[in-house]
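Student: Sequence and predicted model, in that order:
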Amino acid sequence: MSTVQLDDIDKRILNRIQSDFPITEAPFSEIGQEIGLSGAEVVHRVRRLKEAGIIRRIGGNFSPEKLGYVSTLCAGRVPPEKLEHFTKLVNAYPGVTHNYMRANTFNVWFTFIAPSREIISQSLAEISEKSGGIEILNLPATDVYKIRAQFRV
């Protein structure tokens with residue numbers, strides 16, 4: 001992954017595509033018109049930012065509950081020698097959307113989305129068993145107050 005210096009145009013593109021990506025036949029051309037570039041130049045810049053790891057993905061974000069799914073935040077207490085195995089195991093489940101470390105006794109945190117709480121519970125039991133009995137907290141949300149990340153670049 002290379003280091004990329006962001007210029008003002010890169011920042012304008014990043015600010016534009018985060019939460020309001022145009023759903024049109026030519027979305028990159030539309031963005032380009034707004035900021036004075038061709039659609040091809042916008043695509044080139046977005047590709048460069050993706051290759052540099054600044055953009056992880058471009059795609060839709062869905063509200064799990066509106067699709068009949070449930071979500072939960074999970075925390076595992078993982079000893080260092082089991083960390084690699086545990087994170088690979090967790091990441092193999094398609095409902096895991098985030099998986100990251102924290103400086104805490106519960107040091108691996110991940111979010112899990114599935115069609116039911118039962119499926120999540122079964123999956124967490126499997127992960128615990130396959131990882132040698134690692135303790136996993138299951139912390140389902142009871143109310144959602146904000147679920148949007150918009151970083152002003």
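Tutor: Perfect, I can see it now.
Student: Next, count neighbours for the closest residue to Gln18 other than its chain neighbours.
Tutor: Distances taken as Cβ to Cβ, 6 or more residues apart in numbering place Gln150 nearest to Gln18, at 5.4 Å, with adjacent residues excluded. (C-beta placed from N, C-alpha, C; glycine too.) As a burial measure, Gln150 scores 9 neighbours (other Cβ atoms under 10 Å).
Student: Give me the phi and psi angles of Phe106.
Tutor: Phe106 has phi and psi values of phi -90, psi 100 when expressed as degrees, to the nearest 10.
Student: residues near it, how many?
Tutor: Neighbours of Phe106 (other Cβ under 10 Å): 15.
Student: can you list the weak-confidence ranges in this structure?
Tutor: 1-2, 146-149 (pLDDT under 70).
Student: And it, what are its domain boundaries?
Tutor: Domain assignment of the chain by automatic domain parsing yields the ranges 8-51, 64-140.
Student: what's the first-to-last distance across stretch 102-114?
Tutor: With Cα to Cα, to the nearest Å as the measure, stretch 102-114 spans 24 Å from end to end.
Student: How far away from the center of its chain is that stretch?
Tutor: 13 Å (Cα atoms, centre = their mean, to the nearest Å).
Student: With stretch 133-150 instead?
Tutor: Worked out by Cα atoms, centre = their mean, stretch 133-150 lies 13 Å from the chain centre.
Student: Stretch 57-70 too?
Tutor: Per Cα atoms, centre = their mean, the centroid offset for stretch 57-70 relative to its chain is 11 Å.
Student: cool, stretch 23-36 as well?
Tutor: 25 Å.
Student: now could you export just the CA positions of that stretch as CSV?
Tutor: What follows is stretch 23-36 as a C-alpha-only set of coordinates in CSV (Å, rounded to 0.1, in the frame of the first residue of the first chain):
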residue,chain,number,x,y,z
ILE,A,23,-27.5,6.5,-8.5
THR,A,24,-27.4,7.4,-12.1
GLU,A,25,-26.2,5.8,-15.4
ALA,A,26,-22.9,7.7,-15.1
PRO,A,27,-22.3,8.5,-11.5
PHE,A,28,-18.6,9.4,-11.9
SER,A,29,-19.5,11.8,-14.7
GLU,A,30,-22.1,13.4,-12.5
ILE,A,31,-19.5,13.8,-9.7
GLY,A,32,-17.0,15.1,-12.2
GLN,A,33,-19.4,17.8,-13.5
GLU,A,34,-19.9,19.0,-10.0
ILE,A,35,-16.2,19.4,-9.3
GLY,A,36,-14.9,20.3,-12.8
